[in-house]
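Asks: Predicted model and sequence follow; I will ask about them next.
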Amino acid sequence: MSDNKKSGLSRAARSVREAGRVLRGKKKHTKPTYIDQQSKDKTSAENQFPAADQGVIVDIGMNDGKDTVYYRKRGFEVIAVEAIPDLCAAMSDYFTDLEVDGVDIRNFAVTDDGKDEVTFYVNKYNTAWSSVKEEYGSRKDGAEKIVVPTIDLSQALQPVSKQILYVKIDIEGLDKVALKQVMALPDLPSYVSVENRSLSMLNTLHENGYDRFKFSNQKYVEYQTIAPSSPHGHIPVHTFKSSASGVFGEDLPGAWIQYEDAVKIQKALKEARRTAPDNLFSMAIGWFDLHAKHSSAK
């Protein structure tokens, strides 16, 4: 990321920003709804965004930038992967206008079919539901079809794999694919999180040396706080918004659990979701991200 350190944005991100200005003149539904009120002006940004000297965090599924903003506030360089051009352009403008460096926004979709481009379904109701898979991306109000370039994370992240502390994966329907590509890196990140949907992802993590786990209930992410003793970079003033991924690593509440116990919990959550009518489980109990810690991490 030597070239990106100077500007904070890749050349591709700048091209995306220019294209997005044109797109935003025609389409209204792809603008991000999130604007960080604590860092809207340059004076505040100087205090909120310290030097990006804490390593690298990868945000796979940036969407409206909630998580990217948080990771950058912690003092990390952020590589943010997002398929929707408008969202990439808007967040590129956001950081550029504030003169904040250390953010590399990449306009790509994750897929495993080997093609250079893929059809992507931009959900008209909620951009977070957008997906390469039509059944995911077209929920509720349908979707707009666009064509976007694809990325192989195992190749794209290889040059910085030694610097990556944490990878967040949240892409509708393709989490397993993204996780598999991350697991192919020559140096694995200390921490990884995925949207908890299947035992296979837990097994994949365990097979690749991750031996401690936590389940984070995303229903309560707005109540999360950052411990003053956190080992992960700077401690910012930050309020988590609904649908953010929230804290990670050692900041997660509770003790890390072993693989065998994580399997029991995962199976219990699956059975509870299966037997609950409609969406009652998520409404009453919540929905979960699975966080994993590598055996090499202290």
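Replies: Okay, I see it.
Asks: who's in contact with Gln266?
Replies: Applying CB atoms under 8 Å, 6 or more residues apart in numbering to Gln266 gives the contacts Asn196, Leu199, Leu202, Phe215, Leu290. C-betas here are computed from N, CA, C, even on glycine.
Asks: Try it again at 6 Å.
Replies: When contacts are counted by CB atoms under 6 Å, 6 or more residues apart in numbering, Gln266 touches Leu199, Leu202.
Asks: What helix or strand is it located in?
Replies: helix 259-275 (DSSP states H and E).
Asks: burial of Ser161, as a residue count?
Replies: Using other CB atoms under 10 Å, Ser161 has 17 neighbouring residues.
Asks: if we can go back for a sec, which residues does the helix or strand just after the helix holding Gln266 contact?
Replies: Next in sequence after helix 259-275, counting helices and strands by DSSP H and E, comes helix 280-284. By CB under 6 Å, 6+ apart, the residues outside helix 280-284 that reach it are Ala272, Arg273.
Asks: Tell me where the stretch 101-250 of the chain has strands.
Replies: 103-107, 109-110, 117-123, 143-151, 164-169, 191-195, 210-217 (DSSP state E, counting those that start in this stretch).
Asks: Let me know which of the ones you listed is tucked in deepest.
Replies: strand 103-107 (a mean of 26; mean count of other CB atoms under 10 Å).
Asks: Which strands and helices lie in contact with it?
Replies: Packing partners of strand 103-107 (3 or more CB pairs under 6 Å, 6 or more residues apart in numbering; DSSP states H and E): strand 77-82, helix 85-97.
Asks: try 7 Å
Replies: With contacts taken as 3 or more CB pairs under 7 Å, 6 or more residues apart in numbering; DSSP states H and E, strand 103-107 sits against helix 11-23, strand 77-82, helix 85-97.
Asks: Mean pLDDT lowest where, among those?
Replies: When the helices and strands packed on strand 103-107 are compared by mean pLDDT, helix 11-23 comes last with a mean of 41.
Asks: Now for the most centrally placed residue in the chain: which residues touch it?
Replies: With distances taken as CA atoms, centre = their mean, the residue of the chain nearest its centroid is Asp59 (3.5 Å). Listed by CB atoms under 7 Å, 6 or more residues apart in numbering, the contact partners of Asp59 are Asp67, Thr68, Tyr71, Val78, Ala80, Val81, Lys168.
Asks: Can you name the two of the residues you listed that sit furthest apart?
Replies: Greatest spatial distance in the contacts of Asp59: Tyr71 and Val81, 13.0 Å, computed using CB to CB.
Asks: which intervals of this protein have sub-threshold pLDDT?
Replies: Residues of the chain that meet the criterion pLDDT under 70 lie in 1-43.
Asks: make it 80
Replies: Applying pLDDT under 80 to the chain picks out residues 1-46, 277-282, 284.
Asks: rewinding a little: in terms of neighbours, single out the busier of Tyr71 and Val81.
Replies: Using other CB under 10 Å, the more surrounded residue of Tyr71 and Val81 is Tyr71, with 29 against 24.
Asks: still on that earlier bit, which positions in the helix holding Gln266 come out as buried?
Replies: By 16 or more other CB atoms under 10 Å, the buried positions in helix 259-275 come out as Tyr259, Ala262, Val263, Ile265, Gln266, Leu269, Arg273.
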